[in-house]
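Colleague: My questions are about this predicted structure, shown below with the sequence.
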Amino acid sequence: MNELIPYAYAGAVILLLILIFDIRQRKKFNNILEKSQGFEPLLMKQATASKLYKVQTVLSNVEKANTPLYHKVSQKLDETTNDYNTGKMPLPEYANKLDLILNYIKKHAPHAA
(Lines give C-alpha, C1' and ligand atoms only; values in the text may rest on other atoms or scores of the structure.)
Protein backbone atom coordinates (compact mmCIF):
# COMPACT_ATOMS: atom_id res chain seq x y z
CA MET A 1 0.00 0.00 0.00
CA ASN A 2 2.85 2.37 0.78
CA GLU A 3 4.14 1.91 -2.76
CA LEU A 4 0.99 3.52 -4.20
CA ILE A 5 1.22 6.80 -2.28
CA PRO A 6 3.88 8.35 -4.60
CA TYR A 7 1.72 7.48 -7.61
CA ALA A 8 -1.31 9.11 -5.99
CA TYR A 9 0.71 12.28 -5.32
CA ALA A 10 2.05 12.25 -8.88
CA GLY A 11 -1.48 11.83 -10.23
CA ALA A 12 -2.72 14.74 -8.12
CA VAL A 13 0.15 16.94 -9.32
CA ILE A 14 -0.52 16.03 -12.96
CA LEU A 15 -4.22 16.76 -12.51
CA LEU A 16 -3.40 20.12 -10.94
CA LEU A 17 -1.05 21.00 -13.83
CA ILE A 18 -3.73 20.08 -16.38
CA LEU A 19 -6.28 22.29 -14.61
CA ILE A 20 -3.87 25.22 -14.46
CA PHE A 21 -3.05 24.83 -18.17
CA ASP A 22 -6.77 24.64 -19.03
CA ILE A 23 -7.57 27.79 -17.06
CA ARG A 24 -4.75 29.72 -18.77
CA GLN A 25 -5.86 28.58 -22.22
CA ARG A 26 -9.46 29.59 -21.54
CA LYS A 27 -8.35 33.05 -20.42
CA LYS A 28 -6.23 33.48 -23.57
CA PHE A 29 -9.07 32.28 -25.79
CA ASN A 30 -11.63 34.57 -24.15
CA ASN A 31 -9.24 37.50 -24.44
CA ILE A 32 -8.75 36.88 -28.17
CA LEU A 33 -12.49 36.40 -28.62
CA GLU A 34 -13.23 39.74 -26.94
CA LYS A 35 -10.65 41.56 -29.09
CA SER A 36 -12.02 40.13 -32.33
CA GLN A 37 -15.66 40.87 -31.52
CA GLY A 38 -15.87 44.01 -33.69
CA PHE A 39 -14.21 42.60 -36.80
CA GLU A 40 -15.95 40.90 -39.68
CA PRO A 41 -14.56 37.53 -40.74
CA LEU A 42 -11.87 38.09 -43.36
CA LEU A 43 -12.68 35.05 -45.49
CA MET A 44 -16.38 35.92 -45.55
CA LYS A 45 -15.52 39.44 -46.63
CA GLN A 46 -13.34 38.14 -49.48
CA ALA A 47 -16.04 35.68 -50.58
CA THR A 48 -18.61 38.47 -50.57
CA ALA A 49 -16.35 40.68 -52.69
CA SER A 50 -16.02 37.80 -55.13
CA LYS A 51 -19.82 37.40 -55.23
CA LEU A 52 -20.26 41.11 -55.87
CA TYR A 53 -17.81 40.93 -58.78
CA LYS A 54 -19.66 37.91 -60.20
CA VAL A 55 -23.03 39.70 -59.91
CA GLN A 56 -21.65 42.80 -61.60
CA THR A 57 -20.13 40.72 -64.42
CA VAL A 58 -23.34 38.80 -65.03
CA LEU A 59 -25.33 42.02 -64.77
CA SER A 60 -23.25 43.64 -67.50
CA ASN A 61 -24.12 40.69 -69.76
CA VAL A 62 -27.81 41.08 -68.90
CA GLU A 63 -27.67 44.79 -69.76
CA LYS A 64 -27.01 43.95 -73.40
CA ALA A 65 -29.77 41.36 -73.68
CA ASN A 66 -32.59 42.18 -71.28
CA THR A 67 -33.06 45.84 -70.34
CA PRO A 68 -36.11 45.53 -67.99
CA LEU A 69 -34.40 42.79 -66.00
CA TYR A 70 -31.20 44.84 -65.90
CA HIS A 71 -32.95 47.89 -64.42
CA LYS A 72 -34.78 45.83 -61.80
CA VAL A 73 -31.70 43.89 -60.69
CA SER A 74 -29.43 46.91 -60.89
CA GLN A 75 -31.74 48.87 -58.61
CA LYS A 76 -31.89 45.99 -56.10
CA LEU A 77 -28.10 45.63 -56.19
CA ASP A 78 -27.63 49.36 -55.59
CA GLU A 79 -30.03 49.26 -52.61
CA THR A 80 -28.28 46.22 -51.15
CA THR A 81 -24.75 47.60 -51.49
CA ASN A 82 -25.87 50.97 -50.14
CA ASP A 83 -27.47 49.32 -47.09
CA TYR A 84 -24.29 47.33 -46.44
CA ASN A 85 -21.96 50.31 -46.94
CA THR A 86 -23.99 52.49 -44.56
CA GLY A 87 -24.02 49.78 -41.91
CA LYS A 88 -27.73 48.97 -42.09
CA MET A 89 -27.01 45.36 -43.11
CA PRO A 90 -24.53 42.90 -41.53
CA LEU A 91 -22.06 40.99 -43.68
CA PRO A 92 -23.81 37.57 -43.59
CA GLU A 93 -27.09 39.13 -44.70
CA TYR A 94 -25.28 41.06 -47.45
CA ALA A 95 -23.68 37.85 -48.73
CA ASN A 96 -27.06 36.13 -48.68
CA LYS A 97 -28.71 38.99 -50.62
CA LEU A 98 -25.98 38.83 -53.26
CA ASP A 99 -26.63 35.10 -53.61
CA LEU A 100 -30.34 35.78 -54.03
CA ILE A 101 -29.68 38.42 -56.69
CA LEU A 102 -27.34 36.10 -58.58
CA ASN A 103 -29.86 33.26 -58.44
CA TYR A 104 -32.61 35.62 -59.63
CA ILE A 105 -30.52 36.62 -62.64
CA LYS A 106 -29.72 32.99 -63.44
CA LYS A 107 -33.39 32.09 -63.21
CA HIS A 108 -34.69 34.94 -65.39
CA ALA A 109 -31.78 35.24 -67.82
CA PRO A 110 -30.02 31.85 -67.96
CA HIS A 111 -28.03 32.78 -71.06
CA ALA A 112 -26.33 35.65 -69.19
CA ALA A 113 -25.02 33.57 -66.29
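Modeller: Perfect, I can see it now.
Colleague: So what are the structural domains in this structure, by residue number?
Modeller: 1-39, 42-108 (automatic domain parsing).
Colleague: Show the subsequent helix or strand relative to whichever strand or helix holds residue 50.
Modeller: Using DSSP states H and E, residue 50 maps to helix 42-65. Sequence order places helix 67-85 as the next helix or strand after helix 42-65, per DSSP H and E.
Colleague: List the buried residues for that following helix?
Modeller: For helix 67-85, the buried set under the neighbour-count rule, 16 or more other C-beta atoms under 10 Å, comprises 69, 70, 73, 74, 77, 80, 81, 84. Every residue, glycine included, has its C-beta placed from N, CA and C.
Colleague: excluding its backbone neighbours, what's nearest the fifth one?
Modeller: Nearest residue to residue 77 in three dimensions, chain neighbours excluded: residue 101, at 5.8 Å (C-beta to C-beta, 6 or more residues apart in numbering).
Colleague: mind showing which ranges of the chain have poor pLDDT?
Modeller: 38, 40, 66, 110-113 (pLDDT under 70).
Colleague: 50 - rerun?
Modeller: The chain contains no residues with pLDDT under 50.
Colleague: How far does the top helix by length along it sit from its chain's centre?
Modeller: Ranked by residue count and defined by DSSP state H, the top helix of the chain is helix 5-35. Put simply, helix 5-35 sits 32 Å off its chain's centre (C-alpha atoms, centre = their mean, to the nearest Å).
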